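Student: here is a sequence together with a model predicted from it:
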Amino acid sequence: MTIFVRNAWYVAGWSREIDDSLRRFTILGEHVVLFRKSDGSVAALEDRCPHRLLPLSKGKRIGDTVQCGYHGLTFDGSTGQCVRVPGQTNLPASASVTAYPTEERHNIVWIWMGDPAKADAAKIFDMPQFTDPGWAAHQGDALHLESNYLNVAENLVDPAHVSFVHPTTLGNAASENVPVHVRTDGEVIVAWRWIRDSEPVGFFKAFGGFTGNVDRWHYYYLHTPCTAVIDFGSIETEKKCAEEHRDRGVRIFALHFMTPVSATETIDRWMHIRNTAIDDDSAAARMDTLLRTAFAEDKEILEAVQREELRPQKRRPIRIAIDKGPMVYRKRISELIELERTEDVAADPSPAYVYHD
Amino acid sequence: MTIFVRNAWYVAGWSREIDDSLRRFTILGEHVVLFRKSDGSVAALEDRCPHRLLPLSKGKRIGDTVQCGYHGLTFDGSTGQCVRVPGQTNLPASASVTAYPTEERHNIVWIWMGDPAKADAAKIFDMPQFTDPGWAAHQGDALHLESNYLNVAENLVDPAHVSFVHPTTLGNAASENVPVHVRTDGEVIVAWRWIRDSEPVGFFKAFGGFTGNVDRWHYYYLHTPCTAVIDFGSIETEKKCAEEHRDRGVRIFALHFMTPVSATETIDRWMHIRNTAIDDDSAAARMDTLLRTAFAEDKEILEAVQREELRPQKRRPIRIAIDKGPMVYRKRISELIELERTEDVAADPSPAYVYHD
Amino acid sequence: MTIFVRNAWYVAGWSREIDDSLRRFTILGEHVVLFRKSDGSVAALEDRCPHRLLPLSKGKRIGDTVQCGYHGLTFDGSTGQCVRVPGQTNLPASASVTAYPTEERHNIVWIWMGDPAKADAAKIFDMPQFTDPGWAAHQGDALHLESNYLNVAENLVDPAHVSFVHPTTLGNAASENVPVHVRTDGEVIVAWRWIRDSEPVGFFKAFGGFTGNVDRWHYYYLHTPCTAVIDFGSIETEKKCAEEHRDRGVRIFALHFMTPVSATETIDRWMHIRNTAIDDDSAAARMDTLLRTAFAEDKEILEAVQREELRPQKRRPIRIAIDKGPMVYRKRISELIELERTEDVAADPSPAYVYHD
């Protein structure tokens, strides 16, 4: 059984990862070769010649086509159709590779791995702060995790782990027993909590300049299937900040774009958008350093969990109160996969069954 | 099909391997976290949180409990029962991990991996020389072998291999055709032979101070399933030593405690007890060096055999005269596994069958 | 299903690879131990003792026998029969290992992995240039390829790949669209093409001393299952060389002896025979350097293809015009394997069926 949702936009790479050369990426278990065409747009082809299976990324570009490095079969970068077979003049119709739709926004390249007819660019994740002059956006790393994306996503809709996994960076013991709130908002699952009147955590000691106690918040927005926005920040307790006025504090959006690589690997491309030090590149670099430390803590946990999942199970895992967000997420993913796995043709339902919802 | 006997005491480690910190050991294919509680006794818990499967060894000790490093679930070191779930007040009964009985004797920590109700500490292997002042006990290494424990155990009830595998250390060509005797003594299989009136082997040239010919013996005592005692020694031929007076010669017990790690891996913890140079630590160190050489010879053989066993078989292996001990051992292990695999409830046998033994 | 043809002569090694010591080779997925007997001929035994499965190559030679390193069972190098079991006097008839027929010709050791009754030394590959004083034969490397032999063999009956895989050594763009001819000649598949009146390729710039345009040829002779002869050369275009007078040009035979190691590995032992610079060892060494470069290009392609073949397939591969030679080859191999897989006992066919061919 697949664990992948195909009809969705995934991040193929930061814009800076893709240039004129042929580069292989692995997404949802498939090898894809990406390159920029002469007009700057991104071509994405199945990375396997249909003749002798050589990866096209081992061939060479000729204009906006790719020539296989074994026998010279050549494929159009936009359509995937074969345009040349050396040694013969006819071009068999079956000689083609899959071409995947791509879109580029805010220096991020998105790819659609599912049914091309359903690829709607309007559904690509966006948020106004990408272009708002009051905010600064900054791309971090492409972190490779030996863990399936479901475990990674759970971690990104789970405020409760912060106290235990990130005690010196993003959390501290003050939040251990603070309840987590969860709601859904269309395709988005939101989990959040406020920790009021406590010592600032490491990150905001470094970047907020706080001396006294603060109110701090974590809002986890998980967009099904693979985009997470973590809205976290702090504000002086004495300012008695209302939940909807978080912009008045020091506020950071940590964005995570998960790209499932295989059933046991995920790339987490993370970046941030901040409303503080917005012209200060060195602050961005220092934030990266701190976030890199925190995400390495997650990596250790997630990879250990993956290794255990691959071993024999003696009992069913238990679910606890803080798991509400992950449980909603898993259920939604299962429904999406089931929807893609079957074809519902009951447009005109048989009168033999009357279904009462 | 398992190859493991569960209802048995296994060596988890030398006492010096286990301290206050959380350490993972793998025994019978299961990960176990071990640590010393505040009273010095050894806790042994299943090394996997029942919530998100993180190994507990990646968490931290809080008194005699272990706190999971992901969401803080906390387990009692003695019972395995969950004593805290952050974010909720009720503690689900199913929130527990297996706790394994342990015992410590003569600086060796034993663990019971089977039904706790059957764990009888009186059955742990012992011998009077551990505490006899006329003898010196000395722990050697924990030797990791890429071989299942059955092959290792066969090697430890098999005097015949010594001439061919250890020609420069423990054996020599004089013994190649000397017959092997085998008997059983309750749970113990004994295989032995005497080589009379021959040149001393390397070990006893080094430690016995022999100049002329000696009588030498090898007695292999294999305690089912995983403890072996090799009683070997030499005495001047002119002393005409009777078999039961081996203490009059230079006598060494090499003890091997096999801990099955997986279906293809075993740890062999070996030590010796000697009646010579009993206050001489440097002699113990030199014996270790020599034994280490010999056991490395076994390791090469055993790992090559394991690799071959994992490959396709063209024919059934043959058994020869010297295999009596190994054959009895394999049969006993098969019976023990079958006994554990099924549940015999015929306490009150049906009158419908009359079984004539 | 096997991919191996058993009833065939395979190259076990260059003569220089085999000496008095026990050396393990892996051929058709089987481990074989080879050594020279006292008369210089090559013994080849199944490399596994039938007792405890230890590879015999870990034992030692005693005259023309091999003694197992575990318990001393000893096997005759010519017949594989057990001639000694230490500790017992009777020799069980089932105590034997397979002995494989071998032959040595022109410094090449051949082995027969199939039914010994069918091993006919007259069928070993030969060609008169091995011993003709007008030619020089020179052995190259044993190149290990992480690719099954079928892919390697395809590459060796495929002139069309040369333009794309070896553009700087053995081919150039002039040949990209030149048609390939294919015919069969008994057990041999021949694929060839002539590229007339074009610039010499790298190899013949280096060794032919050509300044102007040349006619050049590639003849690929694939002897089923695993021997390939590539006859390639060049001659000045102005000499108007007929196809059958290739000896008048600079002519090289590149020989490839493929030894299937496993279902995904092959050793390609390559050598050449040349009619130029026949007393010049340094020319041979320089040719090796150039051929090594070219075959490393093949290795990269073949190993990438193997990796793709092991991944899930979305569609059937396509076949194109230049694939005639590989297609005939695959069909012949399939027929040979089917012939070996079953036993046709219809010597006296039943009258119940009348088969009209």
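Tutor: Looks like it came in fine.
Student: when you work out contacts or count neighbours from here on, use the C-alpha atoms and nothing else.
Tutor: Will do.
Student: that's a strand at residue A:217, yeah?
Tutor: Yes - counting by DSSP: H, G, I helix; E, B strand; the rest coil, residue A:217 is found in a strand.
Student: which pLDDT value does the model give residue A:211?
Tutor: Among the per-residue scores, residue A:211 holds a pLDDT of 84.
Student: what sits against it?
Tutor: Applying CA atoms under 8 Å, 6 or more residues apart in numbering or on different chains, we find residue A:211 in contact with residue A:205.
Student: assign it to helix, strand or coil.
Tutor: coil.
Student: what separation is there between it and residue A:186?
Tutor: 39 Å (CA to CA, to the nearest Å).
Student: residue A:142 now?
Tutor: Distance of residue A:142 to residue A:186, computed by CA to CA: 28 Å.
Student: comparing these two, which residue is more hemmed in?
Tutor: residue A:142 (19 against 8; other CA atoms under 10 Å in any protein chain shown).
Student: quick check: domain ranges of chain A?
Tutor: Domain segmentation of chain A under automatic domain parsing yields A:9-121, A:127-335.
Student: redo those domains as a markdown table? Include distance to residue B:34.
Tutor: Formatted as a markdown table, the domains of chain A follow (distance: least, CA to CA, whole Å):
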| stretch | distance to residue B:34 |
| --- | --- |
| domain A:9-121 | 38 |
| domain A:127-335 | 18 |
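Student: ok, which of the ones you listed comes nearest residue C:287?
Tutor: Residue C:287 sits nearest to domain A:9-121 of all these, at 23.3 Å, using CA to CA.
Student: now do the end-to-end distance for that closest one.
Tutor: Domain A:9-121 has an end-to-end distance of 8 Å (CA to CA).
Student: how far does that domain sit from the chain's center?
Tutor: Domain A:9-121 sits 21 Å away from the centroid of its parent chain (CA atoms, centre = their mean, to the nearest Å).
Student: and chain C, is that domain touching that?
Tutor: Yes - using CA under 8 Å from any CA of the partner chain, we find that domain A:9-121 touches chain C at A:48, A:50-55, A:69-72, A:85-88, A:94-95.
Student: buried ones among the residues you listed?
Tutor: Buried by 16 or more other CA atoms under 10 Å in any protein chain shown: A:48, A:50-55, A:69-72, A:85-87, A:95, out of the residues of domain A:9-121 next to chain C.
Student: from memory residue A:263 sits against residue A:29, does it?
Tutor: Yes - the pair residue A:263 / residue A:29 is scored as a contact, 7.3 Å apart, by CA atoms under 8 Å.
Student: what's the least confident helix or strand in chain A, going by average pLDDT?
Tutor: Least confident element among the helices and strands of chain A, by mean pLDDT, DSSP states H and E: helix A:202-207 (a mean of 85).
Student: for it, buried residues please.
Tutor: Buried-residue list, helix A:202-207, by 16+ other CA under 10 Å: A:202, A:203, A:204.
Student: quick one: contacts of it?
Tutor: Helix A:202-207 is contacted from outside by A:168, A:169, A:170, A:171, A:210, A:211, A:233, A:234, A:283, A:290, using CA under 8 Å, 6+ apart.
Student: what strand or helix carries the third one?
Tutor: Looking back up the chat, that one is residue A:170. Using DSSP states H and E, residue A:170 sits within no helix or strand.
Student: and it, how far from residue A:298?
Tutor: 12 Å.
Student: if you average pLDDT over each of the domains of chain A, which comes out lowest?
Tutor: Of all the domains of chain A, the segment with the smallest mean pLDDT is domain A:127-335, scoring a mean of 93.
Student: and for residue A:16, the neighbour number?
Tutor: Using other CA under 10 Å, residue A:16 has 9 other residues around it.
Student: look at it and tell me its secondary structure.
Tutor: Under the three-state scheme (three-state DSSP), residue A:16 adopts helix.
Student: what about it, distance to residue C:59?
Tutor: 58 Å.
Student: likewise for residue A:82?
Tutor: Separation of residue A:82 from residue C:59 (CA to CA): 58 Å.
Student: and what of residue A:160?
Tutor: Distance from residue A:160 to residue C:59, by CA to CA: 60 Å.
Student: which one's more surrounded, the two?
Tutor: Using other CA under 10 Å, the more surrounded residue of residue A:160 and residue C:59 is residue A:160, with 27 against 21.
Student: just to be sure, that one is in a strand?
Tutor: No - using three-state DSSP, the secondary structure at residue A:160 is helix, not a strand.
Student: for the stretch 151-300 of chain A, what spans make up the helices?
Tutor: With helices called from DSSP state H, counting those that start in this stretch, the stretch 151-300 of chain A shows them at A:162-165, A:202-207, A:281-309.
Student: count of neighbours near residue A:10?
Tutor: When counting by other CA under 10 Å, one arrives at 24 neighbours for residue A:10.
Student: tell me who's in contact with it.
Tutor: By CA under 8 Å, 6+ apart, the contact set of residue A:10 is A:110, A:111, A:112, A:113, A:226, A:257, A:258, A:259.
Student: could you pull up phi and psi at the first one?
Tutor: The phi and psi torsions at residue A:110 (degrees, to the nearest 10) take the values phi -110, psi 150.
Student: run a quick check on it versus residue A:15, I expect a contact.
Tutor: No - with contact defined as CA under 8 Å, residue A:110 does not reach residue A:15; the gap is 9.5 Å.
Student: between the two, tell me which one has more neighbours.
Tutor: residue A:110 (23 against 15).
Student: any residues touching stretch A:175-194, and which ones?
Tutor: By CA under 8 Å, 6+ apart, stretch A:175-194 touches A:157-160, A:163-164, A:195, A:215-224, A:322, A:324-325, A:328-329, B:86-88.
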